[in-house]
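In: this one's sequence-less:
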DNA sequence: TGCCAGGCCCTCTTTAGGGCCTT
């Protein structure tokens, strides 16, 4: 919780993160109420970050029921500004991964903007990667993929750290799948970002380029 | 109290519509 990711930086490291929020859109006034994240180094989780935060607005009943995070719980929590400042330090220098990253990225940028910070890190999406690598999965919801791949999980969902941990295991599973199914090794973050932007029918060409030694940043 | 968004991706497409994902 207090360990900075920057203190653990390595070439094969990244941070997987997840927000719980009051709704779906920061542009409509929704705010983050919890952030959870894990640092992955060389295929292992080596640090964790989890904090509730007090958004200064009421949490809808629907969200209380969905997440188990109540207005009472966040009342005593630190402000979003303080928590996001600490999270900014945690992710310093790291690339980021989230499940359906477009959602979490919107809240990340919105909360950072409020404290006049910007996110220089690259962000990759485990949902887009899973849609390409696990095309045969029943669907690509995080819980479904966790069951489908029998990922380590305590069966808790819609809490930030638990979801971040499952997403981290999913990300490692996707890398393993690329190794076993396509003989792709030592995949960079840049390659994985490229994969999530590649149409499915062009994946064989992408895999062939990597196997031929064409580097991705 | 109830509702809100937006990117991706497929198809009966591209001058569009709708399901999937996230809270």
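Out: Thanks, I have the structure now. None of the values given here were measured: they were computed from a predicted structure.
In: can you report phi and psi for the most centrally placed residue in chain A?
Out: Residue closest to the mean C-alpha point of chain A, counted by CA atoms, centre = their mean, is residue A:98 at 2.1 Å. Main-chain dihedrals, residue A:98, degrees, to the nearest 10: phi -150, psi 160.
In: quick one, helices of chain A?
Out: A:61-67, A:71-75, A:80-90, A:101-114, A:126-133, A:142-148, A:160-182, A:189-196, A:203-211 (DSSP state H).
In: how about JSON lines for these, with distance to DNA strand B and mean neighbour count added?
Out: Bear in mind the C-beta positions are built from the backbone N, C-alpha and C, glycine included. Listed next are these as JSON lines, based on distance: least, CB to the nearest atom of the strand, whole Å; neighbours: other CB atoms under 10 Å:
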{"stretch": "helix A:61-67", "distance to DNA strand B": "5", "mean neighbour count": "14"}
{"stretch": "helix A:71-75", "distance to DNA strand B": "12", "mean neighbour count": "15"}
{"stretch": "helix A:80-90", "distance to DNA strand B": "14", "mean neighbour count": "18"}
{"stretch": "helix A:101-114", "distance to DNA strand B": "4", "mean neighbour count": "18"}
{"stretch": "helix A:126-133", "distance to DNA strand B": "5", "mean neighbour count": "21"}
{"stretch": "helix A:142-148", "distance to DNA strand B": "4", "mean neighbour count": "18"}
{"stretch": "helix A:160-182", "distance to DNA strand B": "5", "mean neighbour count": "20"}
{"stretch": "helix A:189-196", "distance to DNA strand B": "6", "mean neighbour count": "19"}
{"stretch": "helix A:203-211", "distance to DNA strand B": "10", "mean neighbour count": "15"}
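In: let's have these in a markdown table, adding distance to residue A:44 and mean pLDDT.
Out: As requested, the helices of chain A are exported to a markdown table (distance: least, CB to CB, whole Å; pLDDT from 0 to 100):
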| stretch | distance to residue A:44 | mean pLDDT |
| --- | --- | --- |
| helix A:61-67 | 28 | 96 |
| helix A:71-75 | 30 | 96 |
| helix A:80-90 | 17 | 97 |
| helix A:101-114 | 22 | 96 |
| helix A:126-133 | 17 | 97 |
| helix A:142-148 | 18 | 96 |
| helix A:160-182 | 9 | 96 |
| helix A:189-196 | 16 | 95 |
| helix A:203-211 | 24 | 92 |
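In: which one of those lies nearest to residue A:37?
Out: helix A:160-182 (5.3 Å; CB to CB).
In: now find how far off-centre that closest one is within its chain.
Out: 11 Å (CA atoms, centre = their mean, to the nearest Å).
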